[in-house]
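>>> this one's sequence-less:
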Ligand SMILES: Nc1ncnc2c1ncn2[C@@H]1O[C@H](COP(=O)(O)OP(=O)(O)O)[C@@H](O)[C@H]1O
Ligand SMILES: [Mg+2]
């Protein structure tokens, strides 16, 4: 107990100390000293965000250990930014475009005067991306600001115009922007223009406290009042102060609040055009009108807007909007299309939620397959499931060969892939539904999730042919795909030391195939006896992937050629190295136990030996991530579907 208390206290004190170091307070004169020490404290909003993104570092996507990633991105240089990488999956290209925007904006390119606009379907991560930026700002060291300024403005605005050139030279900074009406008034009234005495403080970004982060939700069309953006005049003060007295101003609009940081426009095109004009002027001219007759107010903020594609198209098709269109940098945020990454999305959402149930192996995978299939556009080059696997960087085997389809070409053939289909939220809801149907088991598994997806697809308002296609994915394609996964899994649980057996088949196959190709003999590893290559054995493997007759010779040569190439590059080979052979070996192992697994799994009563085998298998499954509830479910499912009588 005591030690806990000590830990708590230490944490609190440390936190306070670190916060106090952020509580710098001084006069403007002292602030100038700070600037001379570290000119970068005066940087503008875009540069601040860019630095924030770059600080945790970046790497080339090819620096990954994942062979699938290497295969997918081998011809495409792409950076992965750590700032986003832990939370966003499979949208590296989108993230790179966002970073590129900030990079040029930080260098004061044209982008610094344009709106960053994220466009994509629901649930593709637009809001989350903006939220990540906002959270990043909240974690930054606070900015220096004029005390009492409603817009936490840059203290350098206090410098009169005629001195700026000289100060810029001395401090090595660029000074832009003018005092807001409130500060201008206070300077005159309280300091008699002795600006060097104006107190400067540090302020932390905070979305909740509306400091440096402003949010503009879509506004009720009947109540479009620009005060949401630029603040208002406090009517109750109008009788105390004369018209034009800045003390009546409430500079609390989103664009005021977001000064130095970021302003988010949610569902931006739902707003009236008048709103959009204010947004555009704020980025383009870096000024916004003050409410009433108070002139213009300088703002320095990153404007990020987002909406779905339909709204964008509608807006774009109106020619009167051309001037606005020219001032927008569009970044598409499509759905992720990589299976491994889609699974990570749900793992992340589950981790951050209250969802506390067992998730059986392959559950998220099957749900993710459905999501991705629904997002893919058909191609004449292959079926959709094959496309899904190719997009995932997998090698797809057909007739004993790796299918030669260029993923790059597949992607070039489509225009709007990823802009349609099932959203992350739909899938999450299905996971929730599956759980509420199995509260007693407290477990979701591929079977109840697929069931939930089928029900939701039937109930959701969808065009008929879309619904038909989704049901085909679920009831046909995914059904088959899952059964394959399941059979492999059960085989692994059944075969004693699966890995070793697979390796030994692999080695044997290589020995015999090599001898066959080179017309030599095989030396038995134990007896050292010289034997003829065993063609019967070779065939028993090859026929698993439909290589028969004259095709066998070619296949054996390919295997040996592959092996030579691998050994030249001193690669370690295993049964998993050469995809076609891996598949053949796994199938061979499956065949070898198919009968026994069928009998044992389906049996109502088992003799002693069978019971023993069954229990070992169940135990192995549990070790591989099943719980007592889903072990039952999947084995029943296997009994009814995999080994139908
Ligand atoms: N590619 C992705 N990587 C990580 N999470 C994602 C991705 N796409 C969607 N999500 C998650 O899905 C959920 C819905 O996303 P959200 O940002 O609300 O979408 P949008 O604003 O585009 O409708 C969030 O939890 C989000 O983090
Ligand atoms: Mg959103």
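Here it is on my side, so go on. Values in this document were obtained by computation on a predicted structure and should not be read as measured data. Ligands and ions are numbered 1, 2, ... in the order given.

>>> for residue 145, helix, strand, or coil?
State at residue 145, reduced to three classes by DSSP: H, G, I helix; E, B strand; the rest coil: strand.

>>> please report the distance of the most centrally placed residue in the chain from residue 622.
Residue closest to the average C-alpha location in the chain (C-alpha atoms, centre = their mean): residue 88, at 2.1 Å. Shown here: residue 88 relative to residue 622, a distance of 33 Å by C-beta to C-beta, to the nearest Å. Where you see a C-beta, it was placed from the backbone N, CA and C, and this is true even at glycine.

>>> over to residue 207?
Residue 207 sits 45 Å away from residue 622, going by C-beta to C-beta.

>>> so which of the two has more stuff around it?
Taking neighbours as other C-beta atoms under 10 Å, residue 207 and residue 622 compare with residue 207 leading, 20 against 14.

>>> how deep is the closest residue to the more buried one other than its chain neighbours tucked in, by neighbour count?
Sequence neighbours aside, residue 213 is the residue nearest to residue 207 in space, at 4.4 Å (criterion: C-beta to C-beta, 6 or more residues apart in numbering). Counted with other C-beta under 10 Å, residues neighbouring residue 213 total 25.

>>> for residue 213, phi and psi?
Dihedral angles of residue 213 (phi, psi; degrees, to the nearest 10) stand at phi -140, psi 110.

>>> give me the beta-bridge partners of it?
In this entry, residue 213 is beta-bridged to residue 262, by DSSP bridges.

>>> tell me who's in contact with it.
By C-beta atoms under 8 Å, 6 or more residues apart in numbering, residue 213 lies in contact with 134, 137-138, 205-207, 257-258, 261-264.

>>> most neighbours among those, which one?
Among those, the one with the most neighbours (other C-beta under 10 Å) is residue 258, at 31 neighbours.

>>> surely it and residue 207 touch.
No: counting by C-beta atoms under 8 Å, residue 258 stays clear of residue 207, with 10.0 Å between them.

>>> any idea how far residue 447 lies from residue 483?
For residue 447, the distance to residue 483 (C-beta to C-beta) stands at 11 Å.

>>> what parts of this protein come near ligand 1?
With the criterion set to C-beta under 6 Å from any ligand atom, the chain comes near ligand 1 through 87-91, 120, 122-128, 336, 345, 348-349, 424-425.

>>> next one: phi and psi at residue 233?
phi -90, psi 130.

>>> which strand residues bridge it?
Note on residue 233: beta-bridge partners by DSSP bridges are residue 249.

>>> and it, how many neighbours?
The local packing of residue 233 (other C-beta under 10 Å) involves 20 other residues.

>>> do you know how far it is from residue 258?
Residue 233 sits 20 Å away from residue 258, going by C-beta to C-beta.

>>> got any ranges where this protein has weak pLDDT?
Per-residue confidence for the chain (pLDDT under 70) gives these ranges: 1-2, 220-224, 644-645.

>>> disregarding residues adjacent in the polypeptide, which is nearest to residue 278?
Once flanking residues are discounted, residue 278 sits nearest to residue 229: 5.0 Å by C-beta to C-beta, 6+ apart.

>>> quick one: contacts for that neighbour?
216, 253-255, 275, 278-279, 288.

>>> return the member of those residues nearest to residue 98.
Closest approach to residue 98 among the contacts of residue 229 (C-beta to C-beta): residue 279, at 18.4 Å.

>>> quick check: which element contains the closest one?
Element membership of residue 279, judged by DSSP states H and E, is helix 273-284.

>>> pull out the buried positions in that helix.
Neighbour-count burial for helix 273-284 flags 275-276, 278-283 (criterion: 16 or more other C-beta atoms under 10 Å).

>>> likewise for stretch 452-470?
Result for stretch 452-470 [16+ other C-beta under 10 Å]: buried residues 452-454, 456-457, 469-470.

>>> give me the nearest residue to the residue of the stretch 401-550 of the chain with the smallest separation from ligand 1, chain neighbours excluded.
Across the stretch 401-550 of the chain, the shortest distance to ligand 1 (C-beta to the nearest ligand atom) belongs to residue 424, at 3.7 Å. Ranked by C-beta to C-beta, 6+ apart and with sequence neighbours excluded, the top spatial neighbour of residue 424 is residue 123, at 4.3 Å.

>>> distance of residue 392 from residue 372?
Distance, residue 392 to residue 372, using C-beta to C-beta: 8 Å.

>>> ok so, going back, correct me, but the residue nearest to residue 424 touches residue 421?
No: the pair residue 123 / residue 421 is not scored as a contact, 10.1 Å apart, by C-beta under 8 Å.

>>> between those two, who's got more neighbours?
Between residue 123 and residue 421, counted using other C-beta under 10 Å, residue 421 has the larger neighbour count: 22 against 18.

>>> and the more buried one, what is it in contact with?
121, 335, 371-372, 374-376.

>>> 7 Å - rerun?
Residue 421 sits next to 335, 371, 374-375 when contact means C-beta atoms under 7 Å, 6 or more residues apart in numbering.

>>> just the buried residues from those residues, in PyMOL please.
Selection of the buried residues among the contacts of residue 421 in PyMOL, burial being defined by 16+ other C-beta under 10 Å:
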select buried, resi 335+371+374+375
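
>>> more neighbours: residue 447 and residue 483, which one.
Higher neighbour count among residue 447 and residue 483: residue 447, with 21 against 14, using other C-beta under 10 Å.

>>> residue contacts, the more buried one?
Contacts for residue 447 (C-beta under 7 Å, 6+ apart) come out as 633-634, 637.

>>> output those as TSV; include the columns neighbour count.
Shown next, in TSV, are the contacts of residue 447 (neighbours: other C-beta atoms under 10 Å):
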residue	neighbour count
633	19
634	23
637	17
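
>>> next, count neighbours for the residue of the stretch 401-550 of the chain closest to ligand 1.
Neighbours around residue 424, by other C-beta under 10 Å: 20.

>>> that's a helix at residue 388, yeah?
Yes: judged by three-state DSSP, residue 388 forms part of a helix.

>>> excluding covalently adjacent residues, which one is nearest to it?
Leaving aside its sequence neighbours, residue 388 sits nearest to residue 372 (C-beta to C-beta, 6+ apart; 5.4 Å).

>>> that neighbour: neighbour count?
Around residue 372 there are 27 residues (other C-beta under 10 Å).

>>> go ahead and confirm it touches residue 343.
No: using C-beta atoms under 7 Å, residue 372 is not in contact with residue 343; the gap is 10.2 Å.

>>> hang on, the earlier thing: what's the closest of the contacts of residue 213 to ligand 1?
Scanning the contacts of residue 213 for proximity to ligand 1, where the rule is C-beta to the nearest ligand atom, the winner is residue 264, at 10.8 Å.

>>> tell me the secondary structure for that closest one?
Going by three-state DSSP: residue 264 is strand.

>>> contacting residues for it?
Under the criterion of C-beta under 7 Å, 6+ apart, the neighbours of residue 264 are 130, 215-216, 304.

>>> select only the buried ones of those in ChimeraX?
Buried residues among those (16+ other C-beta under 10 Å), as a ChimeraX selection:
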select :130,215,216,304
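
>>> so which of the contacts of residue 264 are in helices?
With helices taken from DSSP state H, the overlap with the contacts of residue 264 comprises residue 130.

>>> so where does residue 49 fall, helix or strand?
Per DSSP H and E: helix 45-54 holds residue 49.
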